[in-house]
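Engineer: pasting the sequence and the predicted coordinates here, then a few questions.
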There are 4 protein chains.
Amino acid sequence: MFHGVVPPLCTPLTEDGEVDTASLERLTGFLLDAGVHGLFVGGSTGEIAQLTDAARDTALRTVVATAAGQVPVLAGAIDTGTRRVLEHARRAQASGADAVVVTAPFYVGVAEAEVRAHYELLHAALELPVVAYDIPANVGYKLPSALLGELAQAKVIAAVKDSSGDLEGFQRVLDGAAGSGAGCLTGSETLADLAMARGADGIVPGLGNVDPHGYVRLYEAARAGDFAAARAEQRRLTALFAVIEVADRGRVGRMSGALGAFKAALAARGVIRHAYTQAPLLPLTDAESRAVAELLAAAGLGAVE
Amino acid sequence: MFHGVVPPLCTPLTEDGEVDTASLERLTGFLLDAGVHGLFVGGSTGEIAQLTDAARDTALRTVVATAAGQVPVLAGAIDTGTRRVLEHARRAQASGADAVVVTAPFYVGVAEAEVRAHYELLHAALELPVVAYDIPANVGYKLPSALLGELAQAKVIAAVKDSSGDLEGFQRVLDGAAGSGAGCLTGSETLADLAMARGADGIVPGLGNVDPHGYVRLYEAARAGDFAAARAEQRRLTALFAVIEVADRGRVGRMSGALGAFKAALAARGVIRHAYTQAPLLPLTDAESRAVAELLAAAGLGAVE
Amino acid sequence: MFHGVVPPLCTPLTEDGEVDTASLERLTGFLLDAGVHGLFVGGSTGEIAQLTDAARDTALRTVVATAAGQVPVLAGAIDTGTRRVLEHARRAQASGADAVVVTAPFYVGVAEAEVRAHYELLHAALELPVVAYDIPANVGYKLPSALLGELAQAKVIAAVKDSSGDLEGFQRVLDGAAGSGAGCLTGSETLADLAMARGADGIVPGLGNVDPHGYVRLYEAARAGDFAAARAEQRRLTALFAVIEVADRGRVGRMSGALGAFKAALAARGVIRHAYTQAPLLPLTDAESRAVAELLAAAGLGAVE
Amino acid sequence: MFHGVVPPLCTPLTEDGEVDTASLERLTGFLLDAGVHGLFVGGSTGEIAQLTDAARDTALRTVVATAAGQVPVLAGAIDTGTRRVLEHARRAQASGADAVVVTAPFYVGVAEAEVRAHYELLHAALELPVVAYDIPANVGYKLPSALLGELAQAKVIAAVKDSSGDLEGFQRVLDGAAGSGAGCLTGSETLADLAMARGADGIVPGLGNVDPHGYVRLYEAARAGDFAAARAEQRRLTALFAVIEVADRGRVGRMSGALGAFKAALAARGVIRHAYTQAPLLPLTDAESRAVAELLAAAGLGAVE
């Protein structure tokens, strides 16, 4: 289930901050038409941190209904503690998700034994497979590579999504999980070709909302062993990834600017109606949106008919 | 409303992880008898990150009912984004809280303009006063002192709880908020006398669960200008604060060990029935609990009749 | 030997980057006239990181000659490894220093056992007393409070200079070193009154170059138990310390801006001839220097006759 | 000049901590026999932070004499400030180095404009080419990719050695320096194949002391476009790199353990006589050295005849 290009979907919003389900359906269709292999709803890119539980449910149900079983739908169950995650995961299951994606506990720092217990408790309590999500920039903690390998071998986790940017650690995860059947996915937009060369099973790129065709080409090239083609595609996508730097919000606001830029790009391509972000995230200004449009043009991306 | 000793209450649990309301009532009574000036439910110490929404509500209602208006009850509305915080805050208001305590957004890093918008939106939407909670160790972001001063002067926030450990910054907050009427509370267990000397309005000490009488004495001494007495009390409390080091859980698990230790101490003193922590947090081992009991004895703290 | 106000002297420079010995003599005299209790040559404030060995020697000899035994002269022996520090320390001894000030090894991170060995080897090889200098912002490592206490009790170190900004840790150092005879000095410009209230033996303030009289008054008030007077002086000095923010060089360039500001202030007060900084450090611009002059005026500091 | 495998040489020591020149000659010969393309003396791996100036000179002269012009010899000129670096660089030139390797200023944090000035001043003052060395773990500052590109285009720097572990940034350096003629070298032991795939000109691996043949094979395979062979070699070398974890010295002491392990491995292979490290760095224990020997055996590395 855990392979290929699995974009973490943006959550389009109406002017009053509700989920724009029509736009979300179009985005889902756009991604499916591009040939993605899975859909991840409720990731950081999907503004899960800003959405209410009700909005999370609406987004997930919309995507599940639109995907209609064509590809697996992964749902983020991102919260600070085990019981809270468990509640989210059960709601996701009820909404039709095929797997849940779970970070380490956060807000209160915990020891490694407690992180292990977190995943073991979730695995024991849930019927859905659990994907471990390593995103130290958001969580303030790097999931130890050795722990991920052990959890994979014990079938506690069914996959890993590595958004740490640390390819050395990802290699250790690949080695540790080898033979377990667990999928190893990279969350990197710009090192995806290299992660594939090292043996990744798939890619979960936020930029994949904007250019899913590019990531599908990259993935297929790498699968076919044509790393030169994968690298060429990667270069084009890396240049496009400069959209996340358009809104200069400083070191701490980097991800906020990225989320706004993905939405501005999707609106510019005509996939979603508005580029609104969920408060307190600021959308891009008009000038910033024009800069995004220029980067789209440079990458050869136009309006989607 | 925002002055004096305002302990962030532990949340006692039953063996199956539910809120032990009888123990929570006893803890509330114990703190009120000691003369605390407010009660803070749903802080980090209260394991808010581990409690479900239902458990948060139960804890808050229990304390509100027990306090019965004797002192203000502050409720943590701790979550990753503005809309989510708003929902928690409205539930807290419905449960009888007198104010809500709110951190900067977390999980997705945001720019300062977005942090400002977060507090402004909450203030505009809520009837309850908002307390800004600066806890960079948990949130990964330090609320800028200048921003806090501006929000205080604009009456957007009614108080600040500073758990940053940075007295220089706290001084800037005090200066920036001067004349605004906003209360400036320190969250430090071990620098409380110094924060009072600099002009703090109050103290929010996790250790205040265990020894509320000590912090009330420290506070009263400092208010009376007797800083030598405040310092002597502080020294005793600082020695007692070694309970948080008893469970060695490494750098990242430091707070987990502290929460377990406070509960072990409360159980040893007979205030709460069990020292269970909410999963995935590990409680202290028996040996660790004995070490806590020794530190209690050294601090002159026995069983509460 | 290790008590009172011990300013870390700026190193005035000529236009071509050589030590301006005439200005350094004036600065030394200015500090002695203000009643300081010691002089620290070759600290971070003295641009030791930018000075050649020859310039370091010149600066130290100039100060030793000018002080002429009136107060002790401490010399920084700041380098990355033990043998390198040892060579600096021997040169300092030959130049007439009364003690050497030594950080943890840096550049290559080392384990605590290696830090301990560093100080033990230096103590065994040197006749001069060794002052442990805790400055994690520069060294990337915080000297453990317990280690400092042990080294003090073992007479391996004769004093501690704490520039960590962490008063909790400083309290642990004070407790750990109690009875050893080791001096405990704070390097904080803005928490000096509080450090004194906790039992510090002295203060090593970079801002003491600019306003030594203020720090001497603060110190004397605190020694006399008049913490209200100490705090009032501290407030004035804290306002003056805003000079370090005048040159906005971002998070990483903060200390560079502070060094330039101290020199601009000394030049404005007529103590030193030029405000040049050692390359690659940039001096303040004219506009920034005017802002410094305004802060001087606000603090009641004029030209020194 | 800046391409291929350029190991940062360990500095073998005698029991009393002097440079063991006979062993250093053997190490140099061992590396040359393996076909390395350059030699880097005085890097972190060479314990430059622990060596006196005299020992640095001895090591450099020994290597220059042994290499006898067969390959370029790069010399670290690692120090905290520009003038200090300049002195080291001039000594290195006098000792016969072909280029100097220079980090950002450290100990005192500086702004980007000051880092730029640092390299510009050195370039203007030196005849030798300057290699910019990006090693944020040691220096506490990451050289901005854009700055490196600009310095390369301006011929201020002749090469970059990237030991940041950040392949995204390295890609930006490669792009920024494209066409400038500047060499782009990776310092990664474990991502070398990927860096080569992205266009690196060479590799500067500490582990290259121990297995230079392996890195030469990896490099040659990658140059020939045989990335599968490069990756297979990389996998073997990555397994061998576990030697750096044998001595568990915690997070901060990681590099100290690595340096000891490389020396233990070289001693086990019979290349150098002793595995002593320079104080305060601790050598490996006997048990740790045996673990290193086992990893050597697993990697198929025996004694060098």
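Structural biologist: Structure's in. What do you need? This structure is a prediction, so every number in the text was calculated from the model and none was measured.

Engineer: quick one: the closest residue to chain C within the stretch 101-250 of chain A and C:Leu32, what's the gap?
Structural biologist: Residue of the stretch 101-250 of chain A nearest chain C, by CB to the nearest CB: A:Gly250 (9.9 Å). Every C-beta, even on glycine, is put in place using the N, C-alpha and C of the backbone. A:Gly250 is 45 Å from C:Leu32, where distance means CB to CB, to the nearest Å.

Engineer: same question for A:Gly165.
Structural biologist: 54 Å.

Engineer: for A:Leu185, helix, strand, or coil?
Structural biologist: strand (DSSP: H, G, I helix; E, B strand; the rest coil).

Engineer: the helix or strand containing A:Thr238: how far from the chain's middle?
Structural biologist: Here A:Thr238 is covered by helix A:227-240, with elements defined by DSSP states H and E. Chain-centre distance of helix A:227-240: 19 Å, with CA atoms, centre = their mean, to the nearest Å.

Engineer: next, the angle from that helix to helix D:227-240.
Structural biologist: Here helix A:227-240 points in a direction 80 degrees away from that of helix D:227-240 (axes from the mean of the first three to the mean of the last three CA atoms, to 10 degrees).

Engineer: got phi/psi on A:Gly202?
Structural biologist: Phi and psi for A:Gly202, reported as degrees, to the nearest 10, are phi -180, psi -180.

Engineer: which residue ranges of chain A form helices?
Structural biologist: Counting by DSSP state H, one finds helices in chain A at the ranges A:21-34, A:53-67, A:82-94, A:112-125, A:136-139, A:145-153, A:167-177, A:192-198, A:212-223, A:227-240, A:254-268, A:286-298.

Engineer: what sits closest to A:Pro12 if chain neighbours are left out?
Structural biologist: Spatial nearest neighbour of A:Pro12, chain neighbours left out: A:Ser23 (3.6 Å); criterion: CB to CB, 6 or more residues apart in numbering or on different chains.

Engineer: what sits against the residue of chain A found nearest chain D?
Structural biologist: Of all residues in chain A, the one sitting closest to chain D is A:Leu194 (4.5 Å; CB to the nearest CB). For A:Leu194, the contacting residues are A:Leu167, D:Leu167, D:Leu194, D:Ala197, D:Arg198, by CB atoms under 8 Å, 6 or more residues apart in numbering or on different chains.

Engineer: that one and A:Phe227: what is the separation?
Structural biologist: Counting by CB to CB - A:Leu194 and A:Phe227 are separated by 9 Å.

Engineer: between these two, what contacts are shared?
Structural biologist: By CB under 8 Å, 6+ apart, A:Leu194 and A:Phe227 have these common neighbours: D:Ala197.

Engineer: A:Arg249 touches A:Ala261, doesn't it?
Structural biologist: No. Taking contacts as CB atoms under 8 Å, A:Arg249 lies outside contact range of A:Ala261: 10.6 Å.

Engineer: those two: which is more packed in?
Structural biologist: A:Ala261 (28 against 21; other CB atoms under 10 Å in any protein chain shown).

Engineer: that one against A:Ala247, yeah?
Structural biologist: Yes. Judged on CB under 8 Å, A:Ala261 makes contact with A:Ala247 at a distance of 6.4 Å.

Engineer: in space, what's closest to A:Thr21 - neighbours in sequence excluded?
Structural biologist: A:Thr62 (4.8 Å).

Engineer: now do A:Asp53
Structural biologist: Counting by CB to CB, 6+ apart, the residue nearest A:Asp53 is A:Arg91, at 7.1 Å.

Engineer: residues contacting that neighbour?
Structural biologist: A:Asp53, A:Arg56, A:Asp57.

Engineer: nearest to D:Cys10 among the residues you listed?
Structural biologist: Within the contacts of A:Arg91, the smallest distance to D:Cys10 is 54.6 Å, found for A:Arg56 (CB to CB).

Engineer: quick one: contacts for that closest one?
Structural biologist: A:Gly42, A:Ile48, A:His88, A:Arg91.

Engineer: among these, which pair sits farthest apart?
Structural biologist: Among the contacts of A:Arg56, A:Ile48 and A:Arg91 lie farthest apart (CB to CB), at 12.6 Å.

Engineer: burial of the closest residue to A:Pro72 other than its chain neighbours, as a residue count?
Structural biologist: Excluding the flanking residues, the one nearest A:Pro72 by CB to CB, 6+ apart is A:Asp98, at 4.1 Å. For A:Asp98, the neighbour count with other CB under 10 Å is 20.

Engineer: I figured A:Asp98 hits A:Ala67, correct?
Structural biologist: No. Taking contacts as CB under 8 Å, A:Asp98 lies outside contact range of A:Ala67: 9.5 Å.

Engineer: need the residues touching each of those two.
Structural biologist: Looking at what touches both A:Asp98 and A:Ala67 (by CB under 8 Å, 6+ apart), the common residues are A:Val73.

Engineer: just the pLDDT for the closest residue to A:His88 other than its chain neighbours.
Structural biologist: Setting aside the residues directly before and after it, A:His88 is nearest to A:Ala77 in space (CB to CB, 6+ apart), at 3.9 Å. Here the pLDDT value assigned to A:Ala77 is 98.

Engineer: same question, A:Gly250
Structural biologist: pLDDT for A:Gly250: 80.

Engineer: what about the residue in the stretch 151-300 of chain A positioned nearest to chain B, neighbour count?
Structural biologist: Here the residue of the stretch 151-300 of chain A nearest chain B is A:Gly253; by CB to the nearest CB that distance is 3.0 Å. Residues within reach of A:Gly253, counting by other CB under 10 Å, total 23.
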